[in-house]
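Participant: next come a sequence and a model predicted from it.
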Amino acid sequence: METTSMPTRTAVALAVLALVGLGSACSKSSSPSPAPAGTGSATAGALESNPSGDIPDNQAFVPFRDASGLFTVTVPEGWAQTTSGGAVVFSDKYNEIRVLTRSTPNAPSPTSVTNGDLPAIKASSKGFAAGGVSTVTRKAGVAVLATYRANSAPNTVTGKYAVEAVERYSFYRSGHEVILTLAAPVGSDNVDPWRKVTDSFSWLQP
């Protein structure tokens, strides 16, 4: 019976270990390296999943008087007031009331708003989706109401935005047009507050 010497056995064992080690190294090198921490695929400007939009029932309102003394309108107390593009803007989270005054010889109509105003709004808005255009009656008289949806400006902290339902009211008197644009996240229950604001609009000059 033939026997194998000790050195030969040792050499074989070392060779087997070397092959196992080589296979393990090849297997590791073919596996993708894990991504470094903090390199997720989150995209800036993501849609806000549940934006807050309902105005509280106990929200107080205060009058805002146009600097030229042309009109007055009530707005929610405590909302931030800024100016943008010639308009006065009141905002809280994703809710916004924009008040714009302009001189024009002709009163707005559903046709002029549809053909003249909405195309410009669409061009400057992300996620624009047209609604309807009609006339409505408020305490100050008849106004042209245009509804649509559009994305809000991104949150300055999170970069997220909300899809907003927008109501745009155009009031007119004696060459002056005042546009009240009310925006809140889709699904917000702001029917009563928005009616309170639009009904509060009043001309101070004949």
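Facilitator: It's in.

Participant: name the element the residue lying closest to residue 95 once chain neighbours are set aside belongs to?
Facilitator: In this structure, residue 95 finds its nearest non-sequential neighbour in residue 184, 4.9 Å apart by C-beta to C-beta, 6 or more residues apart in numbering. C-betas here are computed from N, CA, C, even on glycine. Assigned by DSSP states H and E, residue 184 belongs to strand 176-185.

Participant: which residues are contacting that strand?
Facilitator: Residues from elsewhere that reach strand 176-185, judged by C-beta atoms under 8 Å, 6 or more residues apart in numbering: 48, 51-53, 55, 66, 70-71, 73, 94-104, 107-108, 150, 152, 162-172, 190, 194, 197-198, 201.

Participant: so which elements touch the following helix or strand past that strand?
Facilitator: Counting by DSSP H and E, the next helix or strand C-terminal to strand 176-185 is helix 191-200. Packing contacts for helix 191-200, counted by 3 or more C-beta pairs under 8 Å, 6 or more residues apart in numbering; DSSP states H and E, involve strand 61-65, strand 71-76, strand 163-173, strand 176-185.

Participant: out of the ones you listed, nearest to residue 87?
Facilitator: strand 176-185 (8.0 Å; C-beta to C-beta).

Participant: list buried residues within the contacts of strand 176-185.
Facilitator: 48, 51, 53, 55, 66, 71, 73, 94-101, 108, 150, 152, 162-172, 190, 194, 197-198, 201 (16 or more other C-beta atoms under 10 Å).

Participant: redo the helices and strands packed on helix 191-200 as a markdown table? Include mean pLDDT.
Facilitator: Converted to a markdown table, those look like this (pLDDT from 0 to 100):
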| stretch | mean pLDDT |
| --- | --- |
| strand 61-65 | 97 |
| strand 71-76 | 98 |
| strand 163-173 | 97 |
| strand 176-185 | 97 |
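
Participant: got the ones you listed as JSON lines, with distance to residue 85 columns?
Facilitator: Formatted as JSON lines, these follow (distance: least, C-beta to C-beta, whole Å):
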{"stretch": "strand 61-65", "distance to residue 85": "17"}
{"stretch": "strand 71-76", "distance to residue 85": "18"}
{"stretch": "strand 163-173", "distance to residue 85": "14"}
{"stretch": "strand 176-185", "distance to residue 85": "11"}
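
Participant: residue 131: which of those strands is closest?
Facilitator: Here strand 163-173 is closest among the helices and strands packed on helix 191-200 (C-beta to C-beta), at 8.1 Å.

Participant: packing partners of that closest one?
Facilitator: If you count contacts as 3+ C-beta pairs under 8 Å, 6+ apart, strand 163-173 packs onto strand 129-138, strand 141-151, strand 176-185, helix 191-200.

Participant: the nearest residue to residue 55 once chain neighbours are set aside: neighbour count?
Facilitator: Excluding the flanking residues, the one nearest residue 55 by C-beta to C-beta, 6+ apart is residue 193, at 4.4 Å. Counted by other C-beta atoms under 10 Å, the residues lying close to residue 193 total 21.
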